[in-house]
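Q: One predicted model, sequence on top.
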Amino acid sequence: MTDSNVLEARGLYRFFHAGDEEVQALKGVSIVAERGEIVALVGPSGSGKSTLLACIAGIDEPDGGYVKIRGQRMTRRSEPVKAMMRARSLGVVLQSNNLIEHLTVIQNVTLAQRLAGKKGTKKPIELLAEAGIEHLAHSHPSMLSGGESVRASIAVALANDPPLVLADEPTGELDLANEENILQVFERLRNQGVAFVLATHSAAVAQRAARVVHLSDGQIID
């Protein structure tokens with residue numbers, strides 16, 4: 001691993017069991033991401049993109065291989081340790097979103113900063129403005145549309161000034177104008193050294209990536 005690598009994932013395997021059947025979701029996948037790099041994960045549904053992101057984030061534990069974030073091992077650590085690593089070093093946007101229902105949108109962003117033990121370089125309202133939802137600061141998640149919920153989740157993911165952002169279809173529910181706004185936010189952060197790994201079906205997202213990694217049936221195919 002070089003000093004410029006924010007993420008190093010090597011030889012990841014993940015198996016799931018349904019009755020007597022074993023499904024191999026990941027088959028020895030390796031991926032790195034450097035500072036200031038956007039990596040796009042593309043592939044059909046069921047190819048392993050979401051599982052790979054979950055394993056990198058420490059939300060799911062791979063059956064083989066390891067993940068390091070800024071040189072620190074994420075895999076096979078206790079849940080409190082992984083949670084603290086996520087709070088301090090990762091911005092995560094999964095399809096299930098990262099919003100706490102009983103908190104308002106701005107309270108969700110504020111909580112993310114407190115959990116990281118730092119205020120961040122931007123105030124919560126500034127992060128919401130970047131995502132184009134400052135007018136929804138005092139709304140609860142249940143009041144948001146699908147696209148608004150995604151933008152709120154992105155604001156929460158960026159609250160702790162993470163060196164690495166993992167996002168699963170971050171623009172999937174956005175119209176073209178809002179997708180472009182979010183991609184411009186990502187571009188600004190990339191220029192500041194933030195690394196991104198984005199699972200996507202969007203051609204616009206893939207075009208912004210420094211590298212496009214193709215997954216099929218749990219394997220990298222190029």
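A: In hand now; what should we look at?
Q: Let me see the contact set for Asn191.
A: Gly36 (C-beta atoms under 8 Å, 6 or more residues apart in numbering). Yep, even glycine has a C-beta here, placed from its N, CA and C like the rest.
Q: Next: Val92.
A: Counting by C-beta under 8 Å, 6+ apart, Val92 has contacts Leu53, Ala57, Ile59, Arg86, Asn98, Ala157, Val165, Leu166, Ala167.
Q: so it bridges to which residues?
A: Beta bridges link Val92 to Leu166 when assigned by DSSP bridges.
Q: any chance of the contacts of Val92 in a markdown table, plus pLDDT?
A: Compiled in a markdown table, the contacts of Val92 are given as follows (pLDDT from 0 to 100):
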| residue | pLDDT |
| --- | --- |
| Leu53 | 95 |
| Ala57 | 94 |
| Ile59 | 92 |
| Arg86 | 89 |
| Asn98 | 77 |
| Ala157 | 88 |
| Val165 | 93 |
| Leu166 | 95 |
| Ala167 | 92 |
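Q: Which pair of the residues you listed spans the longest distance?
A: Ile59 and Val165 (14.6 Å; C-beta to C-beta).
Q: ok, back up a step: rebuild the contacts of Val92 as a markdown table, extending it with distance to Ala112 and neighbour count.
A: Listed next are these as a markdown table, based on distance: C-beta to C-beta, whole Å; neighbours: other C-beta atoms under 10 Å:
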| residue | distance to Ala112 | neighbour count |
| --- | --- | --- |
| Leu53 | 18 | 22 |
| Ala57 | 14 | 22 |
| Ile59 | 16 | 16 |
| Arg86 | 10 | 22 |
| Asn98 | 8 | 17 |
| Ala157 | 8 | 24 |
| Val165 | 13 | 24 |
| Leu166 | 14 | 27 |
| Ala167 | 15 | 26 |
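Q: could you give the mean pLDDT of the helix or strand encompassing Glu22?
A: Assigned by DSSP states H and E, Glu22 belongs to strand 21-34. On average, the pLDDT along strand 21-34 is 92.
Q: next one: stretch 121-128
A: Rounded mean pLDDT across stretch 121-128 is 88.
Q: Repeat that for stretch 137-148.
A: Stretch 137-148 carries an average pLDDT of 89.
Q: Give me the contact list for it.
A: 97, 99-106, 108, 124-125, 128, 133, 136, 149, 152, 173-175, 178.
Q: Regarding that stretch, how distant is the last residue from the first?
A: Distance between the two ends of stretch 137-148: 11 Å, counting by C-alpha to C-alpha, to the nearest Å.
Q: From the contact counts, what lies against the strand holding Glu22?
A: Using 3 or more C-beta pairs under 8 Å, 6 or more residues apart in numbering; DSSP states H and E as the contact test, the elements touching strand 21-34 are strand 5-18, helix 49-57, strand 64-69, strand 195-199, strand 219-220.
Q: Could you check how many residues crowd around Glu79?
A: Glu79 has 9 neighbouring residues, counting by other C-beta atoms under 10 Å.
Q: Please apply the same query to Thr104.
A: The burial count for Thr104: 18, using other C-beta under 10 Å.
Q: Quick check: the gap between it and Phe15.
A: 40 Å (C-beta to C-beta, to the nearest Å).
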